Every structure is written in structure tokens, then in C-alpha cells.
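Asker: test case, fold it:
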Amino acid sequence: MSTRIAFLKGHGTENDFVIVPDPENTVDLPPTAVAALCDRRAGIGGDGLLHVVRSAAHPEAAHLAAQAEWFMDYRNGDGSIAEMCGNGVRVFARYLQRAGHTAEGDLAVATRGGVKTVHLAKDGDITVGMGRALLPEGAVTVSVGARSWPARHVNMGNPHAVAFVGDLADAGTLHDAPPFTPAAAYPDGVNVEFVVDRGPRHVAMRVHERGSGETRSCGTGACAVAVATARRDGADPALTGAPATYTVDVPGGTLVITERPDGEIEMTGPAVIVAEGTIDAEWLESFAR
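Answerer: Numbering: from 1, shown residues only. Got it, this is the predicted structure:
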């Protein structure tokens, strides 16, 4: 392991990440090391970690190298692996721009949820093509304490349960994962969004992200919320032929989500790099043993 390991810190609507540039995939990042880096008291602190690797250098992404030079090897704050992170993709793209690997315009990023198309606009916002939502059938219920709500199952490359509530305070502290039934609906856990209306095509949400707890924002969650709200409102772009755009307020800011008639979903929002430095290699290695 190198004696100097570079890192950066960034966030997208306050969903924050430790960024580890590692083009040739030489830094050992087992779950224990990732969790230590994401620890807010004893580490750098973050909701997750963005491991920046060339697709050709990573065994999970080598088959995508012809479509996307860079692979977002995303990890949750507890060190577990996740399929996708919408806010993470925007911050990942912002890092590539800062490092000179890309410029304004379009960029392809490989993820475990497939190749995502990213557009870096001149005004600073970043739009990510999030793919299509899947809407599995079956009733799902989520609970907080003694209260329960029906939830809409939306899969954005990772699973979400979207529940409409009267007040965002109904979600409680969200320190622990809200229980759900049936257990078989989400064998690997689920991201749970609690949603309230703010106005026409305007909602607000709180989220418990599996592996991270409550976060200030969740990009795939905002997309899931927009799709679930559109269906609740009777708006299905595939049937109406018109795109459906929703403004989604999260604790850390605002995201704009558009579902097109072809089913593709676009998410637009900010991404900021706030710091960079080096990690003590001996400290990190102690968690990698």
C-alpha cells in the first residue's frame, strides 16, 4: 500500500462522500477500512465512499470499459457494497471534472447498476440519466413504532419502499432501519422514503438508506419518490406521452426529477468538492488486515 493515499470530500445536496482516486485499483478497501474512513468521529466522515477506478482495472467493470472509462465502485458508510448512488454519481463526475479527466458536456460512468449518462452543465448543475424504474407488484408495509403505512415498491437499480405520510416527523429518528413486511419483499434490505406533499408536482422526503442510516439526501430515492408520486397522481408518461417532472425537497437541498415517455429518468442537482488531502496509510492498513 502506498505511504500516501489521496482523498477528497464532496457532497450532493449534503449526501456526503469520501472520494478515493485509485485509477489502477491498487488501494485495498475492505469493508472495515471503508467503515473506518466514513466514521464521523474517528475517520474522515461520510454517508459512503466513492472509489474512483478505471473500468478496465476493476473485475466487476472490465466488461463495461468500452462504454465507460471510469467505474464508480460505491460503498455504503458501513462498508457494504451498493448497486447505485444517484448523488454519488454527480459527485463522482464533479471529481473527474476537477481532476481534468472530463469537461463540460456528456460523460459515461460505469456503476454496478449499469452505465449512467451524465451531463455537466455550464451553470454547475449535473444531470444524471438514472435509467428506468421497475415497479414490482405486491403489497408492502413499513412501520415506525406502532404506526404503519402502505409503501410503493420502486426499484432504481436498488430497492426502495416509498410511503406517503402526513408529516415528515412521522418517520421518527430513522436511526434504525424501519421494519417492513413481508420480509421476503427485500431479502437484502431496502431504502425507505417517507414523503409529504408541498404543492403541485412538489414533494418533500426523508430517507433511511440501508447501510448508512438517515442521510441528508438520496438520489435514487428521490427518483423513486417522483415515480411513486406520479403513479399516485395518475401520471404515467408512457401512457400520457408527456414527461412528468417533480421537484423533490430533501433535508440537504432540492433535486429535480423528470421521467420521460420512454421511461428514462433524469435527475438534476448540484455536486460540490469541499476538501482534499491524504490518508495515513498505516492507520488505514490497520483496518485492512
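Asker: show me what the helix or strand encompassing F287 is in contact with.
Answerer: Assigned by DSSP states H and E, F287 belongs to helix 281-288. The set of residues external to helix 281-288 that reach it, using C-beta atoms under 8 Å, 6 or more residues apart in numbering, is 1-5, 28-30, 32-33, 35-37. Glycine gets a C-beta too; all of them are placed from N, C-alpha and C.
Asker: same thing but at 10 Å, please
Answerer: For helix 281-288, contacts defined as C-beta atoms under 10 Å, 6 or more residues apart in numbering pick out 1-5, 7, 20, 27-37, 42-43, 79, 279-280.
Asker: any idea of the mean pLDDT in that helix?
Answerer: Over the span of helix 281-288, the pLDDT mean works out to 90.
Asker: specify the local secondary structure of D123.
Answerer: Three-state assignment for D123 (DSSP: H, G, I helix; E, B strand; the rest coil): coil.
Asker: for the stretch 101-250 of the chain, which spans come out with low pLDDT?
Answerer: Across the stretch 101-250 of the chain, nothing is flagged by pLDDT under 70.
Asker: please redo it, this time with the cut-off set to 90
Answerer: 113, 122-123, 157-158, 175, 211-212 (pLDDT under 90).
Asker: could you pull out the strands in it for me?
Answerer: 105-111, 114-120, 126-132, 140-144, 147-155, 159-164, 180-181, 191-199, 202-209, 213-215, 244-250 (DSSP state E, counting those that start in this stretch).
Asker: thinking again about what came up before, which of the contacts of helix 281-288 are buried?
Answerer: The neighbour count (16 or more other C-beta atoms under 10 Å) marks 5, 7, 20, 27, 29, 31, 33-37, 43, 79, 279 as buried among the contacts of helix 281-288.
Asker: so what's the closest residue to T278 other than its chain neighbours up against?
Answerer: Nearest residue to T278 in three dimensions, chain neighbours excluded: R4, at 5.0 Å (C-beta to C-beta, 6 or more residues apart in numbering). By C-beta under 10 Å, 6+ apart, the contact set of R4 is 277-281.
Asker: quick check, pLDDT for R4.
Answerer: R4 is given a pLDDT of 82.
Asker: beta-bridge partners for it, please?
Answerer: For R4, the beta-bridge partners are D280 (DSSP bridges).
Asker: state the distance from it to R94.
Answerer: For R4, the distance to R94 (C-beta to C-beta, to the nearest Å) stands at 23 Å.
Asker: swap in I279?
Answerer: 20 Å.
Asker: cool, and V20?
Answerer: According to C-beta to C-beta, V20 and R94 sit 15 Å apart.
Asker: what does E264 give?
Answerer: Taken as C-beta to C-beta, the span from E264 to R94 is 22 Å.
Asker: the two: which is more packed in?
Answerer: Counted by other C-beta atoms under 10 Å, E264 and R94 do not tie: R94 has more neighbours, with 24 against 16.
Asker: what's near enough to touch the more buried one?
Answerer: 8, 10-12, 19, 102, 118, 120, 124, 126, 270-273.
Asker: among the residues you listed, which one sits closest to A228?
Answerer: Among the contacts of R94, G12 lies closest to A228 (C-beta to C-beta), at 21.1 Å.
Asker: excluding chain neighbours, what is closest to that closest one?
Answerer: N87 (3.5 Å).
Asker: pull the contacting residues for that neighbour.
Answerer: Contacts of N87 by C-beta under 10 Å, 6+ apart are 10-17, 47-48, 126, 128, 215-222, 250, 252-253, 255, 267, 269-271.
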